[in-house]
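Peer 1: Give me a model of this one.
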Amino acid sequence: MSAADNKALIREIFEGVARGDGAAFVAALADDVIMTVTGQYSWSQTFTGKPAVLRDLYGYVGSLMAAPGKTLPTRFLADEDWVVVEARGDMLTKTGQRYDNHYCLMYRLADGKIAEIREYQDSALCERVLGPYPPR
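Peer 2: Numbering: from 1, shown residues only. Take a look at the predicted model:
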């Protein structure tokens, strides 16, 4: 796929998730996807495989939210196999705290599937609002 095709796919996925439909995201993940939450704090780790990304990371985050959250993109950039998305969260935790983080998300696509994700975010906000990962 071209950089433009990759960018269109990621944009389509974000549009679906914003409507509450994550099916395109799930379908686009490669079975052996690797997701790295960058930084040097408790959430900084690599999740390997579709179940780890969906259950261990996103499932856990979802369990902390009062309602399904949204990640709203503000910019899409594409170069070769990579699509970079600048976004902000729109989320409310069960404790009533806002979790409106800012993200830079990098997606590497291979054969029309998301093979790798790198997440950059405000780690201090994450730790303060969501607490440490894994839960202790």
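
Peer 1: which one is residue 122 nearest to, not counting chain neighbours?
Peer 2: Counting by C-beta to C-beta, 6 or more residues apart in numbering, residue 122 lies nearest to residue 101, which is 5.3 Å off, once chain neighbours are set aside. All C-beta atoms are positioned from the backbone trio N, CA, C, and that covers glycine.

Peer 1: Next up, the contacts around that neighbour.
Peer 2: By C-beta atoms under 8 Å, 6 or more residues apart in numbering, the contact list for residue 101 reads 88, 89, 91, 121, 122, 125, 126.

Peer 1: which residues does the fourth one bridge with?
Peer 2: In this case it means residue 121. residue 103 (DSSP bridges).

Peer 1: Going forward, count from 14.
Peer 2: Sounds good: first residue 14 from here, last item residue 134.

Peer 1: Neighbours of it, how many?
Peer 2: 19 (other C-beta atoms under 10 Å).

Peer 1: Who are the packing partners of the longest helix along the chain?
Peer 2: For the chain, the helix with the greatest residue count under DSSP state H is helix 16-31. Helix 16-31 is packed against helix 36-41, strand 83-92, strand 95-103, strand 115-123, with contacts defined by 3 or more C-beta pairs under 8 Å, 6 or more residues apart in numbering; DSSP states H and E.
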